[in-house]
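*Asks:* Have a look; sequence and predicted model below, questions after that.
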Amino acid sequence: MTNQEAIAAVKRNPISFGCGAFALVLAVTQYLRVEEIPGAEAELALRTADRDRVSLNIKYSVQLPEQEAAMTAALKAIEGRLIRPGELGINTQYFYELETATGVKILDLRQANPAAVTANPGGAVAARAAKITYIPVGFNVSVQGSLPQLLDFLRQLENGAHYCRILTASFGGSASARKTVLTLSLSLEVLGQQ
């Protein structure tokens, strides 16, 4: 078939050759675009996830002012219950007020130095330690009194003005006398702020 015969065949059947050419173009386009489908699907999934995240943010941001006010009030309440390790007089005064309120007698009261966080310079522990503002402040307390007084002292510590955690406790007294004076030795931590 010569060029003139091919042109004559195209002129006799222009629709058939047009559809064939169009099908060939579509086949080539389909072949070239098949490689782009996984990337487009991944981009669609990423944009869908972003859309869902933004819609959730919009949904939950309605309550944001009330939640911020609640968090601010809770933070003020927590900060009001913290002690400062350097304020030794105020810290020990708290225990002497408990002594007066419960009727026990303090035999020994010592504040331990707060544990210092040490790490290699530039390490992850040093970075976290720089952000820490709350620290446990240790106390060793020995009190003397009757069993109800000692239990009241423990209750006052538990429900008192500061957050307290008792690490160790030991009772001592005479087993022969029923209404004897007991001794309670505590090792405890009070939540403090640097």
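*Replies:* Here it is on my side, so go on. Residues are numbered from 1 along each chain as shown.
*Asks:* Tell me which residues of the host helix or strand of residue 93 come out buried.
*Replies:* Applying DSSP states H and E as the criterion places residue 93 in helix 88-102. Of the residues in helix 88-102, those buried by neighbour count under the rule 16 or more other CB atoms under 10 Å are 91, 92, 94, 95, 98, 99, 102. (C-beta placed from N, C-alpha, C; glycine too.)
*Asks:* Please give the element, helix or strand, for the nearest residue to residue 188 once chain neighbours are set aside.
*Replies:* Excluding its sequence neighbours, the residue lying closest to residue 188 (CB to CB, 6 or more residues apart in numbering) is residue 166, at 4.7 Å. Under DSSP H and E, the secondary-structure element containing residue 166 is strand 164-172.
*Asks:* name the helices or strands packed onto that strand?
*Replies:* Based on contacts counted as 3 or more CB pairs under 8 Å, 6 or more residues apart in numbering; DSSP states H and E, the elements that strand 164-172 packs against are helix 147-158, strand 182-193.
*Asks:* want to throw the ones you listed into JSON lines with mean neighbour count and mean pLDDT?
*Replies:* Rendered in JSON lines, the data for the helices and strands packed on strand 164-172 read as follows (neighbours: other CB atoms under 10 Å; pLDDT from 0 to 100):
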{"stretch": "helix 147-158", "mean neighbour count": "17", "mean pLDDT": "92"}
{"stretch": "strand 182-193", "mean neighbour count": "18", "mean pLDDT": "91"}
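*Asks:* Residue 87: which of these is closest?
*Replies:* The stretch from the helices and strands packed on strand 164-172 with the least distance to residue 87 (CB to CB) is strand 182-193; that distance is 9.3 Å.
*Asks:* Specify the angle between the closest one and helix 147-158 in degrees.
*Replies:* Here strand 182-193 runs at 10 degrees with respect to helix 147-158, directions being taken by axes from the mean of the first three to the mean of the last three CA atoms, to 10 degrees.
*Asks:* tell me the angle strand 182-193 makes with helix 88-102.
*Replies:* Going by the same axes, to 10 degrees, strand 182-193 makes 140 degrees with helix 88-102.
*Asks:* Now do strand 182-193: which elements does it pack against?
*Replies:* Counting by 3+ CB pairs under 8 Å, 6+ apart, the packing neighbours recorded for strand 182-193 are strand 134-145, helix 147-158, strand 164-172.
*Asks:* contacts for the last one?
*Replies:* Okay, so that is strand 164-172. Contacting residues not belonging to strand 164-172 are listed as 136, 150, 154, 157-158, 182-191 [CB atoms under 8 Å, 6 or more residues apart in numbering].
*Asks:* Now that strand: buried residues?
*Replies:* Of the residues in strand 164-172, those scored as buried under the neighbour-count criterion (16+ other CB under 10 Å) are residue 164.
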